[in-house]
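Participant: Quick one: sequence and predicted model below, then my questions.
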Amino acid sequence: MSILEVKGVSKYFGGLAALSNLNLTIQEGEIRGIIGPNGAGKTTLFNVISGVYRPTSGQIFYMMGKRIDGLASSRIAKMGLVRTFQRTALYHNFTVLRNVTVARHLHAKENIFGVFTGMVKKMEEENVKKALEIVEFMGLGRLKNELASNLPHGYQRALGIAIALACEPRVLLLDEPLTGMTPTEKAQMIDLIRKVHQQGITILMVEHDMKSVMELCNYISVLDFGKLLVEGPPAEIQNDEAVITAYLGTEDITSPGGEKVAT
């Protein structure tokens with residue numbers, strides 16, 4: 001069953017088409033990879049889906065056909081469609097646990113009635129409890145009292161995903177989650193993404209590390225100049241002539257076994 005549909009979406013900046021009549025259907029339970037050369041429109045797609053940008057034309061439907069294009073990003077996040085960013089957005093002077101607790105606050109439905117009935121204190125306790133569970137789940141438990149600014153890069157990226165999980169996503173958009181990581185950090189992050197997926201969360205991932213994409217994703221959509229070039233399972237994508245041509249001179253397409261398909 002589809003959980004997210006992008007129908008005929010275009011996004012123009014002046015006269016430049018960052019996305020052009022794009023159609024995508026994401027099935028519930030997928031780990032979908034979105035790949036393409038630099039400037040293909042991958043991050044623009046995430047920005048349009050998550051409400052950062054309003055599409056110039058087209059429609060986006062989420063969960064049982066609810067139309068979300070044009071809604072505020074905060075409202076879309078509350079509906080369970082949550083994204084991370086290329087540059088992890090953290091409160092660097094807050095601890096790991098406090099970062100996730102703040103995200104819980106932003107997601108919680110606190111109101112003035114709760115202030116007078118004592119519900120706020122109860123909600124605070126529940127938020128801290130849930131935040132701690134998420135921190136432990138992401139392997140950050142021993143660092144819960146560490147300032148975010150003191151974390152190594154890989155742990156900061158993991159904290160970024162923990163913050164997204166605090167918003168209780170049904171669909172999680174990961175924007176280059178492996179960027180700047182060492183091979184060891186990448187392996188750890190891939191394991192974490194699999195753990196998140198096993199919680200029943202559908203994942204849509206933009207990533208430049210082709211080896212990791214081929215290893216992790218069960219279906220891949222390739223963008224080129226804002227258009228859908230081709231899509232399919234990794235075994236088909238890595239040997240597709242159109243994909244190889246699009247990547248020539250820009251990146252390597254590498255199979256999970258380490259074989260270089262394009263250079």
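Facilitator: Structure received.
Participant: Every contact and neighbour count from this point should use C-alpha atoms.
Facilitator: Fine.
Participant: my guess is Glu146 meets Thr95, correct?
Facilitator: Yes - because the distance of 5.1 Å satisfies Cα atoms under 8 Å, Glu146 is recorded as touching Thr95.
Participant: Between those two, tell me which one has more neighbours.
Facilitator: Neighbours of Glu146 and Thr95, each counted by other Cα atoms under 10 Å, are more numerous for Thr95; the result is 20 against 17.
Participant: Strands of the stretch 1-150 of the chain, start to end?
Facilitator: Along the stretch 1-150 of the chain, the segments classed as strands by DSSP state E, counting those that start in this stretch run 2-13, 16-27, 31-35, 57-62, 66-67, 81-83.
Participant: Overlap in contacts, Glu146 and Thr95.
Facilitator: Counting by Cα atoms under 8 Å, 6 or more residues apart in numbering, Glu146 and Thr95 have no common neighbour.
Participant: Okay, buried residues for stretch 225-236 please.
Facilitator: Within stretch 225-236, the residues that count as buried by 16 or more other Cα atoms under 10 Å are Phe225, Gly226, Lys227, Leu228, Leu229, Glu231, Gly232, Pro234.
Participant: now that stretch: how far from the chain's centre is it?
Facilitator: Using Cα atoms, centre = their mean, to the nearest Å, the mean C-alpha position of stretch 225-236 is found 18 Å from that of the whole chain.
Participant: just the CA coordinates of that stretch, formatted as PDB?
Facilitator: What follows is stretch 225-236 as a C-alpha-only set of coordinates in PDB (Å, rounded to 0.1, in the frame of the first residue of the first chain):
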ATOM      1  CA  PHE A 225      17.900  17.300 -14.100                       C
ATOM      2  CA  GLY A 226      14.800  17.300 -11.900                       C
ATOM      3  CA  LYS A 227      13.200  14.300 -13.800                       C
ATOM      4  CA  LEU A 228      12.800  10.700 -12.900                       C
ATOM      5  CA  LEU A 229      15.400   8.900 -15.000                       C
ATOM      6  CA  VAL A 230      14.700   5.300 -13.900                       C
ATOM      7  CA  GLU A 231      13.700   3.300 -10.800                       C
ATOM      8  CA  GLY A 232      13.900  -0.300  -9.700                       C
ATOM      9  CA  PRO A 233      15.700  -2.700  -7.300                       C
ATOM     10  CA  PRO A 234      19.500  -2.100  -6.800                       C
ATOM     11  CA  ALA A 235      20.500  -5.000  -9.000                       C
ATOM     12  CA  GLU A 236      18.800  -3.400 -12.000                       C
END
